[in-house]
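**Student:** predicted coordinates and the sequence they were generated for:
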Amino acid sequence: GAVVSQHPSWVICKSGTSVKIECRSLDFQATTMFWYRQFPKQSLMLMATSNEGSKATYEQGVEKDKFLINHASLTLSTLTVTSAHPEDSSFYICSAYQGLAGETQYFGPGTRLLVL
Amino acid sequence: LAKTTQPISMDSYEGQEVNITCSHNNIATNDYITWYQQFPSQGPRFIIQGYKTKVTNEVASLFIPADRKSSTLSLPRVSLSDTAVYYCLVGAGTGFQKLVFGTGTRLLVSP
């Protein structure tokens, strides 16, 4: 099946610093990738839709200047949390569309971010 | 985007069959129904997807009635390792459409 990876798997940073999370589709090309955030005991919340070569589309309430998304190639999308604060601590998950019949989305393993 | 409703939690025992039903009354004609499984601190894992009638793979079956307003995920002979959260989603169609996760069903399998 299609494989999506994320790096790093976990990161601890100081408040005010920026953190970059990478999402890669390893064995397929994904013109569209999605970024989610999940707090403990809660469901996944869609943050933004990332299309290769164009600006990301953010969901209502998500600050685009704080969560910078870049989708420079068909296999890589990055999420940068700028000037991170403790309330940004969460589990960040990406997914990628394989684009085949049935429109299945494949998810990465997630990145745990802890901001001190 | 069609909204889904699932039971918040379910309990079962090893070896039993578990059926999780999802309601999606506003499903669109071109929507598919997809189920994901998520373990703590992991990304969701695709289980099964269908459009109508019945779909079966090596891990589960998906039953979809003719009106497609609901669907049932069937897990045969569950084991302790099936303890997870199960999400039912409807969406996608002709393009790369975003998916909206509901609350999911927290399944606890006991010995």
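**Tutor:** Cool, got the structure.
**Student:** what score does the residue nearest to the spatial centre of chain A have for pLDDT?
**Tutor:** Centroid check for chain A by C-alpha atoms, centre = their mean gives A:W35 as the closest residue, at 3.5 Å. For A:W35, the pLDDT comes out at 95.
**Student:** contacts for the helix or strand containing it, please.
**Tutor:** Secondary structure from DSSP states H and E places A:W35 in strand A:32-38. With C-beta atoms under 8 Å, 6 or more residues apart in numbering or on different chains as the contact definition, strand A:32-38 has outside contacts at A:23, A:25, A:44-52, A:67, A:69, A:71, A:77, A:79, A:90-97, A:99, A:105, A:110, B:96, B:98-99, B:101. Every C-beta, even on glycine, is put in place using the N, C-alpha and C of the backbone.
**Student:** repeat for stretch B:53-61
**Tutor:** B:35, B:47-49, B:62-64, B:73-76.
**Student:** up against chain A, what does chain B have?
**Tutor:** With C-beta under 8 Å from any C-beta of the partner chain as the criterion, chain B meets chain A at residues B:32, B:34, B:36, B:41-46, B:49, B:51, B:87, B:91-93, B:96-104.
**Student:** give the next helix or strand downstream of the least confident helix or strand in chain A by mean pLDDT.
**Tutor:** In chain A, no helix or strand scores lower on mean pLDDT, DSSP states H and E than strand A:105-107, which sits at a mean of 86. Next helix or strand after strand A:105-107 toward the C-terminus (DSSP H and E): strand A:111-115.
**Student:** how about stretch A:86-101: buried residues?
**Tutor:** Neighbour counts over stretch A:86-101 (16 or more other C-beta atoms under 10 Å in any protein chain shown) mark A:88-98 as buried.
**Student:** brain fart, stretch B:42-62
**Tutor:** Buried residues in stretch B:42-62 (16+ other C-beta under 10 Å): B:43-50, B:55, B:60-62.
**Student:** pLDDT of that stretch, averaged?
**Tutor:** Mean predicted confidence for stretch B:42-62 is 93.
**Student:** where do the strands sit along chain B?
**Tutor:** Using DSSP state E, the strands of chain B run over B:9-13, B:18-23, B:32-38, B:45-50, B:53-56, B:61-64, B:70-75, B:84-91, B:105-110.
**Student:** typed the wrong thing, it's chain A
**Tutor:** A:4-7, A:10-13, A:19-25, A:32-38, A:45-51, A:57-58, A:67-73, A:76-81, A:90-97, A:105-107, A:111-115.
**Student:** thinking A:S9 is in contact with A:G108, fair?
**Tutor:** No. Judged on C-beta atoms under 8 Å, A:S9 makes no contact with A:G108 at a distance of 9.6 Å.
**Student:** more neighbours, these two?
**Tutor:** A:G108 (29 against 13; other C-beta atoms under 10 Å in any protein chain shown).
**Student:** next up, the contacts around that one.
**Tutor:** A:G108 neighbours (C-beta under 8 Å, 6+ apart): A:4-6, A:23, A:93-96, B:43.
**Student:** tell me how many other residues crowd the nearest residue to B:Y86 once chain neighbours are set aside.
**Tutor:** Using C-beta to C-beta, 6 or more residues apart in numbering or on different chains and skipping the chain neighbours, the partner closest in space to B:Y86 is B:T105 (4.9 Å). Per other C-beta under 10 Å, the neighbour tally for B:T105 reads 21.
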